[in-house]
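Undergrad: Have a look at this fold, sequence not included:
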């Protein structure tokens with residue numbers, strides 16, 4: 001057996017070993033290994049959902065408001081959208097209010113919106 005064949009067999013064996021390792025460890029790279037990291041990831045995802053729901057509530061309130069009228073956005077709107085669109089039926093009111101205040105500030109709503117999410 002010459003050197004090129006030996007190198008080819010070695011590369012082939014390394015490839016097979018990597019594929020076998022990938023099959024055994026399937027999906028572990030994307031799952032957090034620590035419970036604290038898993039909880040932190042879930043909290044970040046929940047905050048993103050609430051912020052999206054708050055943005056949707058602001059947008060729909062602005063569309064529903066008449067010309068020259070303020071858009072009225074409530075915390076209940078955010079909670080309803082989080083349940084209907086994102087499957088989060090149990091959203092604490094204070095979390096929804098915090099997300100609405102954040103979206104309110106980001107969207108510069110002070111000029112044309114009214115909300116009950118007092119800080």
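TA: Structure's in. What do you need? Computed from a predicted model, the values in this text were never measured in an experiment.
Undergrad: what about residue 67, which SS state?
TA: The three-state assignment at residue 67 reads coil, by DSSP: H, G, I helix; E, B strand; the rest coil.
Undergrad: my guess is residue 83 meets residue 89, correct?
TA: Yes: between residue 83 and residue 89 there is a contact under CB atoms under 8 Å: 4.5 Å. The way it works is simple: take the backbone N, C-alpha and C, and place the C-beta from them, glycine included.
Undergrad: which one of these two has more residues nearby?
TA: Each of residue 83 and residue 89 has its neighbours counted (other CB atoms under 10 Å); residue 83 has more, 14 against 10.
Undergrad: Let me see the confidence value for the more buried one.
TA: Note on residue 83: pLDDT of 94.
Undergrad: what comes into contact with the helix or strand bottoming out on mean pLDDT in the chain?
TA: Counting by mean pLDDT, DSSP states H and E, the chain has its least confident helix or strand at helix 3-24, which shows a mean of 85. Helix 3-24 is contacted by no other residue when judged by CB atoms under 8 Å, 6 or more residues apart in numbering.
Undergrad: Spatially central, which residue of the protein would that be?
TA: residue 45 (3.6 Å; CA atoms, centre = their mean).
Undergrad: That residue should be in a helix, yeah?
TA: Yes: under three-state DSSP, residue 45 sits within a helix.
Undergrad: Contacts only, for the closest residue to residue 47 other than its chain neighbours.
TA: Ranked by CB to CB, 6 or more residues apart in numbering and with sequence neighbours excluded, the top spatial neighbour of residue 47 is residue 99, at 7.0 Å. Neighbouring residues of residue 99 by CB under 8 Å, 6+ apart: 47, 50, 51, 53, 54, 78.
Undergrad: Tabulate these (JSON lines), appending secondary structure and pLDDT.
TA: Shown next, in JSON lines, are the contacts of residue 99 (DSSP: H, G, I helix; E, B strand; the rest coil; pLDDT from 0 to 100):
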{"residue": "47", "secondary structure": "helix", "pLDDT": "93"}
{"residue": "50", "secondary structure": "helix", "pLDDT": "94"}
{"residue": "51", "secondary structure": "helix", "pLDDT": "94"}
{"residue": "53", "secondary structure": "helix", "pLDDT": "95"}
{"residue": "54", "secondary structure": "helix", "pLDDT": "94"}
{"residue": "78", "secondary structure": "helix", "pLDDT": "94"}
